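> Fold the following for me, if possible:
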Amino acid sequence: MTKDPVCGMQVDENKAPATSTYQGKKYSFCGQECKNKFDQQPQNYTQSTQQGKQQRPQQEHSLR
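Predicted structure coming up:
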């Protein structure tokens, strides 16, 4: 299991409905909505840019 970087939901990386690769790392998402948000601004959701910053609140979204 891995964590969706956008909403924080636990996702099985082997069965994830959506994935993206950013800077050579594969990210798994609970759905297309979170993938789209990530793809628009991946730097906002990656570990390297979050160091030293407060943890952002979880994103709310609907599963379809």
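> biggest helix in the protein by residues?
As assigned by DSSP state H, the longest helix anywhere in the chain is helix 32-40.
> who does that one touch, helix- and strand-wise?
strand 18-22, strand 25-29 (3 or more Cβ pairs under 8 Å, 6 or more residues apart in numbering; DSSP states H and E). Using the backbone N, CA and C atoms, a C-beta is placed for each residue, glycine as well.
> Mean neighbour count and distance to residue 39 added to the ones you listed, as a markdown table?
As requested, those are exported to a markdown table (neighbours: other Cβ atoms under 10 Å; distance: least, Cβ to Cβ, whole Å):
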| stretch | mean neighbour count | distance to residue 39 |
| --- | --- | --- |
| strand 18-22 | 14 | 6 |
| strand 25-29 | 19 | 10 |
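> right, so of those, which gets closest to residue 43?
strand 18-22 (8.4 Å; Cβ to Cβ).
> now the closest one against strand 25-29, angle please.
What separates the directions of strand 18-22 and strand 25-29 is an angle of 150 degrees, with axes from the mean of the first three to the mean of the last three Cα atoms, to 10 degrees.
> returning to what we had before: so how far is the longest helix of the chain off the chain centroid?
8 Å (Cα atoms, centre = their mean, to the nearest Å).
> Kindly state the beta-bridge partners for residue 11.
Beta-bridge partners for residue 11, by DSSP bridges, are residue 2.
> and it, what is it in contact with?
Residue 11 is in contact with 1-4, 28-30, counting by Cβ atoms under 8 Å, 6 or more residues apart in numbering.
> picking that back up, kindly calculate the angle that the longest helix of the chain makes with strand 18-22.
Using the same axes, to 10 degrees, helix 32-40 lies at 10 degrees relative to strand 18-22.
> Nice, that's everything, thank you.
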